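Colleague: The following comprises the amino acid sequence and a computationally predicted model.
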Amino acid sequence: MILALRIGFAVVLLLLWVVAAQQVGNNIIPSPAATFHAAGRMIAEGRFLSALGDSLTVYLSGYGIAIVVGVSAGVMMGGFPTLGKTVDVYVFALAATPRVAFIPLIIVLLGLGIEAKVFIVFLGAMMPIVINTYAGVLAANDDLIEMATSVGARKLRIFRSIILPGAVPFVIVGMRLGAAIGLINTVVAELYTAVKGLGGLLAIYGNTFRMAEYFVVVLTLALIGVVVTESLRYLEHRASRWRIEK
């Protein structure tokens, strides 16, 4: 049912796209056919696949590091209340600061290479993961913890069987938010540092008003976002089964 509705909605969007291209003109909004032909040319040239590989390397590297560091930091902040209450104000302050403001400093310290790009993605994707993991650990069911303590369960067992499973939905939400911000930061990093990857193609095609090629890049970024989101949705489903088993 949901799949059929999604396909139907996609068809509606495609029809609206065709109408918009006819009304506005292909020079501004290229038609789906023109976009498809542009994608074929870009793939044949080899430049598109190279840029896609560069962007995926930056995105997945930064996002993967953000997951490891963010979940670990959030668990430590929630597991040690004194530490959490000490540093949470600084974490929230950093999360509220636009990451773009750090880019000049990052370029000075790390240069214009892949290290700077990965760090920009990491910095953006990490914050929602830390905050949501921290909130998930703090939201553990006190009644279950008290019952487990009363029957002699050790702290490690309580953490593994009650606190960690209860925090999983919060962690997944943080990962979804981090995935979206990380993808945005990938494009931003490629625009501000060495102009490579899909962000570089956006700049090139946008500045030269090659809108068909520009739409190909935009749709590719959207597709990456959909794939990551659906992968996390599947992970959430598997994690829910694990919580029930626990």
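Modeller: All right, it came through fine.

Colleague: and residue 27, how many neighbours?
Modeller: Neighbour count of residue 27, defined by other Cβ atoms under 10 Å: 10. Yep, even glycine has a C-beta here, placed from its N, CA and C like the rest.

Colleague: Residues contacting stretch 122-135, please?
Modeller: Stretch 122-135 is contacted from outside by 62-63, 65-67, 69-71, 73-75, 77-78, 84, 88, 91-92, 94-95, 99, 102, 106, 167, 170-171, 173-175, 177-179, 181-182, 184-185, using Cβ atoms under 8 Å, 6 or more residues apart in numbering.

Colleague: cool, stretch 225-232 as well?
Modeller: Stretch 225-232 is contacted by residues 172, 175, 176, 179, 180, 183 when judged by Cβ under 8 Å, 6+ apart.

Colleague: cool, and stretch 62-79?
Modeller: With Cβ under 8 Å, 6+ apart as the contact definition, stretch 62-79 has outside contacts at 83-84, 87-88, 91, 117-122, 124-138, 159, 163-164, 167, 171, 174-175, 178-179, 182, 185-186.

Colleague: And the closest residue to residue 27 other than its chain neighbours, how close does it get to residue 127?
Modeller: Sequence neighbours aside, residue 211 is the residue nearest to residue 27 in space, at 6.7 Å (criterion: Cβ to Cβ, 6 or more residues apart in numbering). Note on residue 211: its distance to residue 127, by Cβ to Cβ, to the nearest Å, is 34 Å.

Colleague: Kindly report the same for residue 88.
Modeller: Relative to residue 127, and taking Cβ to Cβ, residue 88 is found at 12 Å.

Colleague: just residue 222 next, same as before
Modeller: Distance, residue 222 to residue 127, using Cβ to Cβ: 23 Å.

Colleague: And the residue nearest the centre of this protein?
Modeller: Centroid check for the chain by Cα atoms, centre = their mean gives residue 179 as the closest residue, at 0.9 Å.

Colleague: Run a quick neighbour tally on the closest residue to that one other than its chain neighbours.
Modeller: Closest residue to residue 179 apart from its sequence neighbours, by Cβ to Cβ, 6+ apart: residue 228 at 4.7 Å. Residues lying near residue 228 (other Cβ under 10 Å) number 20.

Colleague: in which helix or strand would I find residue 228?
Modeller: Following DSSP states H and E, one finds residue 228 within helix 211-245.

Colleague: Report the backbone C-alpha coordinates of stretch 176-192 in CSV.
Modeller: Extracted in CSV, the C-alpha atoms of stretch 176-192 (Å, rounded to 0.1, in the frame of the first residue of the first chain):
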residue,chain,number,x,y,z
ARG,A,176,19.0,10.3,10.4
LEU,A,177,19.5,14.0,11.3
GLY,A,178,23.2,13.6,11.1
ALA,A,179,22.9,11.9,7.7
ALA,A,180,21.0,14.8,6.2
ILE,A,181,23.3,17.5,7.7
GLY,A,182,26.4,15.5,6.7
LEU,A,183,25.2,15.3,3.1
ILE,A,184,24.6,19.1,3.1
ASN,A,185,28.0,19.7,4.6
THR,A,186,29.6,17.5,1.9
VAL,A,187,28.4,19.9,-0.8
VAL,A,188,29.4,22.9,1.3
ALA,A,189,32.8,21.5,1.9
GLU,A,190,33.4,20.8,-1.8
LEU,A,191,32.3,24.4,-2.6
TYR,A,192,34.5,26.0,0.0
